[in-house]
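Student: Provide a 3D model corresponding to the input given below.
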Amino acid sequence: MNIYVLMKKTFDTEEKIQVSGGAIEQDGAEFIINPYDEYAVEEAINIRDEHGGEVTVVTVGDEDSEQQLRTALAMGADKATLINIEDDVEDGDQYTTSTILATYLKDQEVDLILAGNVAIDQASGQVGPRVADQLDIPYVTTITGITIDGQQVNIEKDVEGDVEKVQTSLPLLVTCQQGLNEPRYPSLPGIMKAKKKPLEELELDDLDLDEGDVEAKTETTDVFLPPEKEAGKVLEGETDDQVKELVSLLRTEAKVL
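Tutor: Numbering: from 1, shown residues only. The predicted structure follows:
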């Protein structure tokens with residue numbers, strides 16, 4: 001089985017993020033594998049171990065994205081592909097990424113594609129479905145369970161706190177939700193093996209694409225941090241007095257009454 005994982009390098013939101021001039025400062029920022037993509041990598045490895053085949057991790061990014069690909073290889077993926085657009089694309093969006101990935105995948109023998117449900121930096125959840133649409137294959141989002149029997153695939157999908165059961169067939173793209181599995185940490189032997197695993201690097205020219213083919217369809221006008229929360233107020237006194245003060249504050253300060 002030929003299994004592909006779509007992976008993205010994202011900011012580590014557990015670390016402090018600086019915003020300047022309407023953009024996130026990348027100098028000094030910490031980058032990680034998008035956490036939802038880790039579920040995709042883990043599930044791909046589990047499916048390969050059960051059904052055989054090969055897991056290839058693919059990302060669209062820059063030279064520094066190799067670090068996250070090596071981490072996925074250390075987790076147990078077999079191969080990796082970096083599509084480096086650093087010198088070709090100044091400002092991309094979900095259309096840019098999905099078009100590049102779909103163009104790459106059209107030349108591969110694909111049985112199953114896994115991606116994260118969303119990326120924690122933009123959280124649009126668009127890339128996976130867009131790729132499936134361009135490849136003209138079915139897709140199921142926010143999965144929390146998957147079993148494969150030949151060409152038939154049974155899926156459990158998260159729907160507003162409940163579970164929907166879906167039956168479909170390969171080839172297929174799915175996006176992975178928290179609860180699907182528990183991603184493993186790369187082991188020391190895995191890290192050592194990852195250094196010898198194949199990592200292919202491509203550019204737009206290798207895919208017969210140019211900047212005009214992947215030009216962004218949207219524009220980011222501003223990026224800003226949420227305002228700092230003001231300290232809360234503790235109401236004291238008898239219950240009736242607290243209620244009166246609360247109503248007064250809601251009317252005069254919060255202006256919601």
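Student: for residue 179, helix, strand, or coil?
Tutor: Secondary structure, DSSP: H, G, I helix; E, B strand; the rest coil: residue 179 is coil.
Student: now do the contacts for it.
Tutor: Shown in contact with residue 179 (CB atoms under 8 Å, 6 or more residues apart in numbering): 144, 158. C-beta here means a position set from N, CA and C on the backbone, and glycine is covered the same way.
Student: and with 6 Å instead?
Tutor: For residue 179, the residues meeting the contact criterion (CB atoms under 6 Å, 6 or more residues apart in numbering) are residue 144.
Student: from residue 156, how far out is it?
Tutor: Per CB to CB, to the nearest Å, residue 179 is found 9 Å from residue 156.
Student: quick one, helices of the protein?
Tutor: 35-51, 66-75, 94-106, 127-135, 188-194, 239-252 (DSSP state H).
Student: related to what we said a few turns ago, quick one: common contacting residues for residue 179 and residue 156?
Tutor: By CB under 6 Å, 6+ apart, the residues touching both residue 179 and residue 156 are residue 144.
Student: so can I have a markdown table of the helices of the chain showing mean pLDDT?
Tutor: Shown next, in a markdown table, are the helices of the chain (pLDDT from 0 to 100):
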| stretch | mean pLDDT |
| --- | --- |
| helix 35-51 | 97 |
| helix 66-75 | 96 |
| helix 94-106 | 96 |
| helix 127-135 | 96 |
| helix 188-194 | 93 |
| helix 239-252 | 90 |
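Student: I'd like to know which of those helices lies nearest to residue 146.
Tutor: Closest approach to residue 146 among the helices of the chain (CB to CB): helix 35-51, 6.8 Å.
Student: show me what that closest one packs onto, helices and strands only.
Tutor: Applying 3 or more CB pairs under 6 Å, 6 or more residues apart in numbering; DSSP states H and E, we find helix 35-51 packed against strand 2-7, strand 54-61, strand 112-116, strand 172-176.
Student: let's go with 8 Å and repeat that
Tutor: Where contact means 3 or more CB pairs under 8 Å, 6 or more residues apart in numbering; DSSP states H and E, helix 35-51 is packed against strand 2-7, strand 54-61, helix 66-75, strand 112-116, strand 139-149, strand 172-176.
Student: quick one on the thing from earlier: closest one to residue 170 among the helices of the chain?
Tutor: Among the helices of the chain, the nearest to residue 170 by CB to CB is helix 35-51 (10.6 Å).
Student: buried residues in the closest one?
Tutor: Neighbour counts over helix 35-51 (16 or more other CB atoms under 10 Å) mark 35-48 as buried.
Student: what's the answer for stretch 85-95, then?
Tutor: The neighbour-count check on stretch 85-95 (16+ other CB under 10 Å) flags 85, 88, 89, 92, 93, 94, 95 as buried.
Student: can you tell me, leaving aside adjacent residues, what's nearest to residue 224?
Tutor: Once flanking residues are discounted, residue 224 sits nearest to residue 19: 6.1 Å by CB to CB, 6 or more residues apart in numbering.
Student: distance check, that neighbour against residue 209.
Tutor: Relative to residue 209, and taking CB to CB, residue 19 is found at 31 Å.
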